[in-house]
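In: No sequence on hand, only this structure:
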């Protein structure tokens, strides 16, 4: 219940977690939907999960490519000089 509520609220880790649960249950279509939503919001691990599913033929080339484009757009949208400076500061 709480994982679903967090995913609905936009928490990408929760969305990815739901995808993992659905995949474990054999509900690959539902897992793909969860991973795709999270990846389009810039979640790295979801992209990796979709890549695994693509390699075994569960995700089409077109869908995977479209998701990668949306993922890159989300990542690019979050880039800023302030974020780069903060990342550099905390990596020291």
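Out: In hand now; what should we look at? If you're wondering where the values come from, they're calculated on a predicted model, not measured in any experiment.
In: any low-confidence regions in the protein?
Out: The model of the chain has no residue with pLDDT under 70.
In: Let me see the ranges of the helices in it.
Out: 2-8, 12-24, 28-40, 44-55, 61-77, 81-90 (DSSP state H).
In: List the buried residues of the shortest one.
Out: Residues of helix 2-8 classed as buried under the neighbour-count rule (16 or more other Cβ atoms under 10 Å) are 6, 7. C-beta here means a position set from N, CA and C on the backbone, and glycine is covered the same way.
In: List the contacts of that helix.
Out: Applying Cβ atoms under 8 Å, 6 or more residues apart in numbering, the contact partners of helix 2-8 are 13, 14, 15, 17, 18, 21, 34.
In: Please verify my assumption that residue 34 contacts residue 14.
Out: No. Assessed by Cβ atoms under 8 Å, residue 34 is found out of contact with residue 14, at 9.3 Å.
In: Packed most tightly, which of the helices of the chain would that be?
Out: Highest mean neighbour count of the helices of the chain: helix 28-40, a mean of 21 (counted as mean count of other Cβ atoms under 10 Å).
In: ok, now how distant is residue 22 from residue 65?
Out: Look at residue 22 and residue 65: by Cβ to Cβ, to the nearest Å, they are 22 Å apart.
In: And for the residue nearest the centre of the chain, nearest residue in space, chain neighbours not counted?
Out: Most central in the chain under Cα atoms, centre = their mean is residue 39, positioned 2.6 Å from the mean C-alpha point. Distance criterion Cβ to Cβ, 6 or more residues apart in numbering; nearest residue to residue 39, sequence neighbours excluded, is residue 46 at 4.2 Å.
In: Fine, thanks again, bye for now.
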